[in-house]
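# Sequence first, then the predicted structure, then my questions.
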Amino acid sequence: MEIRELIWDHDPPDQNQNETPMFENENSQQATNEISRVDDVLTQQNDDAATVPESSQQQQIATITFEIILEQIEETEKEEWISRLIEKVNIKYKGRIPRGGWDKITTAYNDRLNTNESKQDIKNLYNKIKSSQVTSKNQEEEEETMGPEIKNVQLFKQTKQKLQKNIDKYVINKEEKDRTRKIYSEEIQHDVLDIINSIVKDPTIEGKIETIKDYNNMIYACQKTYMEVTERTGKESTWKEAINKKIKELKNDFQILEKCDPTEKPSKEVKRICSKNRIHSNMNEKVVQLKDQIFEKIEMHQKRLRIAENRKEFRKNNRNFEFNRKRFYRNIDQKQMRISETINDSDTLEFWQNIWAREEKEESHEELIDALPTNSLNVEITNEKIKDIVENVIKYLPAWKTPGHDCVHNFFIKKIKGLHTKLVEVIIEAVNEPDRIDPEMYVGTTYLIPKKENASQPKELRPITCLPNIYKLISKVVQTLWVQEEDAKEQSNKP
């Protein structure tokens, strides 16, 4: 401040006045500027020096903390180790690696897993796993908070109307069901399935499902709705009938010309045919040529029908080979097993009733209760455990196994995901309280398959019985629980 007193020859001017200070000489001005800069630099250095110890201390603490976090990761697999690291970084550092952290990560990663990965490779693996976790999390949030986007409002309204109608028919009124056709993979319309899934999530629809039977009927209503919405409404082509009609007319004309005698006067039918083809009936050579032309036309039209039929059969065989290999090999077998039309239905029914008949006796085996050892269930059956088993079993259900009398295909049990939560609930109830399962679920449909090329006797048939697919699903869940029980027994019996 003393320097400033030396350079001004009078009092410093007021800051609001437009006066220029008078300097004694240029040297004093240069000295003043240099001293001012030195003063500013010293002040800045002093401020930085005051903050350095604090920042260094914080950095030291952060480094030690991060090293401790890395030591706590005990996973021995690469993906698991990185996933655990991501979890800890998200909790402690809000998803950001601290300064200098990648060198620490590389060292800890290679030491724990006994590898020699570079820092860049570890970074790439880290980013890959982190991005996949973020993507899956976003998808789950979207599925929970947002329904599928309705792109076709008209289709949505049509599907909802038909579904409500089928719910009234099959869930409330319990009308008789009929079989629906198999859907090949290239024919699946996922937009219709998405719409049905969004509709069945309505609490008013879910509230109508209280038992296994209600769930089964609801799935059939969805199945029937899908079939009705995706059904082709185009008018069936009648080109075959038109060609057959032409062939019939040409054959009549050919027969008339075949009977025509050139030496006699032409009949009215011959004159009509000749007039239609623009030739004179008295020209015998032209009439013979016309007869040959008509014969060629008949052959040409018949060939068109044969080609169309062969093409249809070829496509059918190709589809069976791709999607239904068993049927394909059955069809190429020269000996096709068929049931004779002369077989007597009443005799067949009586024959198989006698085989399956059993004498009903009410027997009590109470004396065995005390003789048999008690069997305690060592596996804890929780609702969460049953839920996991159900979800796992659903993944591996065969989509198009022949259904029972309920006509419900596994394909729709798997695809109608909007009712999976309700499915888990009713299966948990069925496992915990088997007596509440509707007796109708135990009823199967028996088919008689011929064992010979032309089966004409009841004994030449073999039976197969198809149970409802929902019953098979419950059986698989119970079987899984039973296997776990047996495994627990084996483990407990080991010394």
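Arrived safely.

# Excluding chain neighbours, what is closest to Glu460?
Leaving out its chain neighbours, the residue that sits closest to Glu460 by Cβ to Cβ, 6 or more residues apart in numbering is Lys452, at 5.0 Å. Every C-beta, even on glycine, is put in place using the N, C-alpha and C of the backbone.

# how close does that neighbour get to Val477?
According to Cβ to Cβ, to the nearest Å, Lys452 and Val477 sit 40 Å apart.

# Tell me which of these two has more neighbours.
When Lys452 and Val477 are compared for neighbours, Val477 comes out ahead with 21 against 14, by other Cβ atoms under 10 Å.

# in what helix or strand does that one lie?
helix 469-493 (DSSP states H and E).

# thought Pro468 was touching Cys407?
No: here Pro468 lies out of contact with Cys407, judged by Cβ atoms under 8 Å, at a distance of 9.0 Å.

# Neighbour count for those two, which is higher?
The residue with more neighbours, out of Pro468 and Cys407, is Pro468; 23 against 19, by other Cβ under 10 Å.

# contacting residues around that one?
Pro468 makes contact with 216, 403-406, 408, 441, 443-444 under the criterion Cβ atoms under 8 Å, 6 or more residues apart in numbering.

# State the distance from it to Lys422.
Noted for Pro468: a distance of 17 Å to Lys422, by Cβ to Cβ.

# Leu305 too?
Distance from Leu305 to Lys422, by Cβ to Cβ: 52 Å.

# Give me the domain ranges for this protein.
Following automatic domain parsing, the chain resolves into domains at 27-145, 239-332, 378-493.

# Redo those domains as JSON lines? Include distance to Ile195.
Formatted as JSON lines, those follow (distance: least, Cβ to Cβ, whole Å):
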{"stretch": "domain 27-145", "distance to Ile195": "15"}
{"stretch": "domain 239-332", "distance to Ile195": "25"}
{"stretch": "domain 378-493", "distance to Ile195": "10"}
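
# Tell me which of the ones you listed lies nearest to Thr180.
Nearest to Thr180 among those is domain 378-493; the distance by Cβ to Cβ comes to 6.8 Å.

# ok now the closest one, how far from the chain's centre?
Averaging C-alpha coordinates over domain 378-493 and over its chain gives two centres that are 20 Å apart (Cα atoms, centre = their mean, to the nearest Å).

# In contact with the most centrally placed residue in the chain, which residues?
The residue lying closest to the centre of the chain (Cα atoms, centre = their mean) is Lys415, at 5.8 Å. Going by Cβ under 8 Å, 6+ apart, Lys415 touches 193, 197.

# Give me the phi and psi angles of it.
As for Lys415, its main-chain torsions (degrees, to the nearest 10) stand at phi -80, psi -30.

# From Lys78, how far out is it?
In this structure, Lys415 lies at 36 Å from Lys78, with Cβ to Cβ as the measure.

# picking that back up, tell me how far the residue nearest to the centre of the chain lies from Pro458.
If you go by Cβ to Cβ, the gap between Lys415 and Pro458 works out to 40 Å.

# Check Phe351 too.
To Pro458, Phe351 is 4 Å away according to Cβ to Cβ.

# neighbour-wise, which of these two wins?
Set side by side, Phe351 and Pro458 show unequal neighbour counts under other Cβ under 10 Å, the larger going to Pro458 at 18 against 14.

# Can you check what pLDDT the model gives that one?
The predicted local distance difference test score for Pro458 is 84.

# where's it relative to Asn344, distance?
8 Å.

# CA atoms only for stretch 317-332, dumped as PDB, please.
Output of stretch 317-332 as PDB, limited to C-alpha atoms (Å, rounded to 0.1, in the frame of the first residue of the first chain):
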ATOM      1  CA  ASN A 317     -45.400 -82.000 -46.600                       C
ATOM      2  CA  ASN A 318     -42.800 -79.200 -46.400                       C
ATOM      3  CA  ARG A 319     -44.700 -77.700 -43.500                       C
ATOM      4  CA  ASN A 320     -45.000 -81.000 -41.700                       C
ATOM      5  CA  PHE A 321     -41.300 -81.700 -42.200                       C
ATOM      6  CA  GLU A 322     -40.400 -78.400 -40.700                       C
ATOM      7  CA  PHE A 323     -42.900 -78.200 -37.800                       C
ATOM      8  CA  ASN A 324     -44.400 -81.600 -37.300                       C
ATOM      9  CA  ARG A 325     -41.800 -84.200 -38.100                       C
ATOM     10  CA  LYS A 326     -43.700 -87.100 -36.600                       C
ATOM     11  CA  ARG A 327     -46.700 -86.600 -38.800                       C
ATOM     12  CA  PHE A 328     -44.500 -86.200 -41.900                       C
ATOM     13  CA  TYR A 329     -42.900 -89.700 -41.400                       C
ATOM     14  CA  ARG A 330     -46.300 -91.200 -40.600                       C
ATOM     15  CA  ASN A 331     -47.700 -89.800 -43.800                       C
ATOM     16  CA  ILE A 332     -44.900 -91.200 -46.000                       C
END
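
# buried ones in that stretch?
By neighbour count on 16 or more other Cβ atoms under 10 Å, the buried set for stretch 317-332 is 320, 328.

# what's that stretch in contact with?
Here stretch 317-332 makes contact (Cβ under 8 Å, 6+ apart) with 184-185.

# average model confidence for that stretch?
The average of the pLDDT scores along stretch 317-332 is 82.

# from the middle of its chain, how far away would that stretch be?
When C-alpha coordinates are averaged (Cα atoms, centre = their mean), stretch 317-332 and its chain have centres 24 Å apart.

# What of stretch 339-358?
Remark: stretch 339-358 is offset 42 Å from the chain centroid, using Cα atoms, centre = their mean.

# tell me the mean pLDDT for it?
Mean pLDDT, stretch 339-358: 82.

# Please apply the same query to stretch 116-130.
Averaged across stretch 116-130, pLDDT comes to 86.

# Report the buried residues of it.
Along stretch 116-130, the positions that meet the burial threshold by neighbour count (16+ other Cβ under 10 Å) are 122, 125-126, 129-130.

# Let me see the contact set for Asp406.
Contacts for Asp406 (Cβ under 8 Å, 6+ apart) come out as 177, 216, 220, 468-470.

# Any chance of TSV for these, columns pLDDT?
Supplementary listing: these in TSV, determined by pLDDT from 0 to 100:
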residue	pLDDT
Lys177	90
Asn216	91
Tyr220	93
Pro468	92
Asn469	91
Ile470	91
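
# Can I get the residues you listed in CSV including distance to Thr233?
Output for the contacts of Asp406, formatted as CSV (distance: Cβ to Cβ, whole Å):
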residue, distance to Thr233
Lys177, 22
Asn216, 29
Tyr220, 22
Pro468, 31
Asn469, 29
Ile470, 31
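
# Buried deepest among the domains of the chain, which one?
Of all the domains of the chain, domain 378-493 has the most neighbours on average by mean count of other Cβ atoms under 10 Å, namely a mean of 16.

# Three-state assignment for the nearest residue to Asn152 once chain neighbours are set aside, please.
Closest residue to Asn152 apart from its sequence neighbours, by Cβ to Cβ, 6+ apart: Asp191 at 7.0 Å. Assigned state for Asp191: helix (three-state reduction, DSSP: H, G, I helix; E, B strand; the rest coil).

# how far away is Asp191 from Ile199?
Separation of Asp191 from Ile199 (Cβ to Cβ) stands at 13 Å.

# same question, Met441
Remark: distance between Met441 and Ile199 (Cβ to Cβ) = 26 Å.
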